[in-house]
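Visitor: Provided below are the primary sequence and the corresponding predicted coordinates.
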Amino acid sequence: MSDNTNSSSTTITFPLLSAHNYSTWKSDVQASLRSKGFWRIVSGSICKPDDKEAEKLEAYLDEADRAAGILFLAVDKDQRVHLAGIEDDPVKIWVKLEEIHMEKGAGTRFNAYDDLFSIHL
């Protein structure tokens, strides 16, 4: 895990997640999390250590808290309703936001194609 004790700066320098900007937000927040050393926790490539490994577990939980905080702050207030009950789990936050916004994206594309193909000349 990262040694980012000085990574307490959580200033978001890109647009917050809204109902319409998931694809660009996703790239921005991934880059932000990577730069702070938290992306591997959010992506699930680093798993929570066993309770028997107290020191590793504590470090993981600290970094997971920071990652969850970054994700929460990077989401517009209107979108935070989706995070109720999972605010402290960055993996669940990431998966939930992806489920919500990818579902809408696919439906939106379908509707756009449906509108396009229903045009009568």
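Guide: Received it, and whenever you're ready, just let me know what you need. The model shown is predicted, which means the values in this text are computed figures rather than measured ones.
Visitor: Centroid-nearest residue for the protein?
Guide: By CA atoms, centre = their mean, the chain has its centre lying nearest to Trp94, at 3.7 Å.
Visitor: dump the residue contacts of it.
Guide: Trp94 makes contact with Val42, Ser43, Leu71, according to CB atoms under 8 Å, 6 or more residues apart in numbering. To be clear about C-beta, it is placed using only N, CA and C from the backbone, and glycine gets the same treatment.
Visitor: Which of the residues you listed are buried, as a ChimeraX select command?
Guide: Buried residues among these (16 or more other CB atoms under 10 Å), as a ChimeraX selection:
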select :42,71
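Visitor: Switch the contacts of Trp94 over to a markdown table; also include pLDDT.
Guide: Putting these into a markdown table (pLDDT from 0 to 100) gives the following:
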| residue | pLDDT |
| --- | --- |
| Val42 | 97 |
| Ser43 | 96 |
| Leu71 | 97 |
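Visitor: quick one, phi/psi of the residue nearest to the centre of the chain?
Guide: phi -60, psi -50 (degrees, to the nearest 10).
Visitor: low-confidence ranges in this protein?
Guide: Residue ranges of the chain with pLDDT under 70: 1-9, 103-116, 120-121.
Visitor: Spell out the secondary structure type for Ile86.
Guide: Look at Ile86: counting by DSSP: H, G, I helix; E, B strand; the rest coil, its state is coil.
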